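**Student:** Here is my input; please provide its structure:
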Amino acid sequence: MNQQFIKQITGTNKDGKSRIFPLLKGSGVQLLLLFAVLLSPFFFSSCSDIDCPVTNGVSAKYVLKGDSLHDTLTISAIRDGLTDTVLVNRLVGSKSFQLPMSYAGASDKLRFVFTDTLGHTTVDTLTIVKTSVSHFESVDCQPVFFHTITGATTTGRIVNRIEINNPNVDYDGSKENFHLYISRH
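**Tutor:** All right, here's what the predicted structure looks like:
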């Protein structure tokens with residue numbers, strides 16, 4: 001089929017003249033059109049084939065150690081001069097969760113509100129100290145910051161201890177960045 005098509009295009013007409021050369025002998029517009037058609041695959045292909053991580057954001061993974069989470073947990077970001085932002089609302093029975101990190105701040109403050117079945121609440125505040133480094137993939141992608149955790153503290157009411165397991169926070173959501181040791185008093 002392809003050979004027959006090529007013969008048909010490159011062959012001769014009834015007068016014995018080539019079928020391709022009349023196209024090339026035409027006006028400049030015809031010549032330009034011919035080259036545009038031949039080169040169009042190159043025009044419509046992109047320079048890079050990097051897939052921007054649209055759904056794959058940068059977030060830290062927290063893993064609960066010790067007692068399992070029986071209480072309801074609500075986590076908010078404490079922002080100086082702004083209203084707090086709820087990051088996780090009413091989490092129950094989970095052993096891990098992921099939280100985004102701020103781009104600009106040198107530290108993040110997180111309010112952990114534990115509510116038991118009787119409605120009693122206990123509040124812990126975690127402070128995460130970090131450095132942020134801008135990460136460039138392509139001009140087509142949104143700006144992203146990776147983080148290196150340099151310190152972490154807790155007020156110690158239910159989250160007794162926080163350990164940095166992996167200080168590098170990037171696209172890899174499978175890495176356990178923090179281990180939180182919780183206990184009920």
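
**Student:** Tell me where the model's unsure across the protein.
**Tutor:** For the chain, the stretches with pLDDT under 70 are 1-51, 53-56, 67-68, 184-185.

**Student:** Which strand in it has the most residues?
**Tutor:** In the chain, with assignment by DSSP state E, the single longest strand is strand 121-135.

**Student:** Pull out the buried positions in that one.
**Tutor:** For strand 121-135, the neighbour count (16 or more other C-beta atoms under 10 Å) marks 122, 124, 126, 128, 130, 132 as buried. Bear in mind the C-beta positions are built from the backbone N, C-alpha and C, glycine included.

**Student:** how's the chain carved up into domains?
**Tutor:** Following automatic domain parsing, one gets these domains for the chain: 2-43, 59-182.

**Student:** Point out the most buried one among the ones you listed.
**Tutor:** Of the domains of the chain, the one with the most neighbours on average (mean count of other C-beta atoms under 10 Å) is domain 59-182, at a mean of 15.

**Student:** Could you tell me the end-to-end distance of that domain?
**Tutor:** 21 Å (C-alpha to C-alpha, to the nearest Å).

**Student:** and what of stretch 87-101?
**Tutor:** So stretch 87-101: terminal residues 10 Å apart, C-alpha to C-alpha.

**Student:** which residues sit against stretch 76-84?
**Tutor:** Stretch 76-84 has contacts (C-beta atoms under 8 Å, 6 or more residues apart in numbering) with 85-87, 102, 108-111, 113, 125.

**Student:** if we go to 10 Å?
**Tutor:** 85-89, 99-102, 105, 108-113, 123, 125-127 (C-beta atoms under 10 Å, 6 or more residues apart in numbering).

**Student:** With distance to residue 52 added, can I get the domains of the chain in CSV?
**Tutor:** Compiled in CSV, the domains of the chain are given as follows (distance: least, C-beta to C-beta, whole Å):
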stretch, distance to residue 52
domain 2-43, 22
domain 59-182, 4
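
**Student:** where's residue 151, which helix or strand?
**Tutor:** Residue 151 belongs to strand 144-154 when assigned by DSSP states H and E.

**Student:** Which helix or strand lies directly C-terminal to that strand?
**Tutor:** strand 159-164.

**Student:** Next, the angle from the longest strand of the chain to strand 159-164.
**Tutor:** 10 degrees (axes from the mean of the first three to the mean of the last three C-alpha atoms, to 10 degrees).

**Student:** just checking, what packs against the strand holding residue 151?
**Tutor:** Other helices and strands packing on strand 144-154, by 3 or more C-beta pairs under 10 Å, 6 or more residues apart in numbering; DSSP states H and E, are strand 59-66, strand 107-115, strand 121-135, strand 159-164, strand 168-169, strand 178-182.

**Student:** Go again with 7 Å.
**Tutor:** strand 121-135, strand 159-164, strand 168-169 (3 or more C-beta pairs under 7 Å, 6 or more residues apart in numbering; DSSP states H and E).
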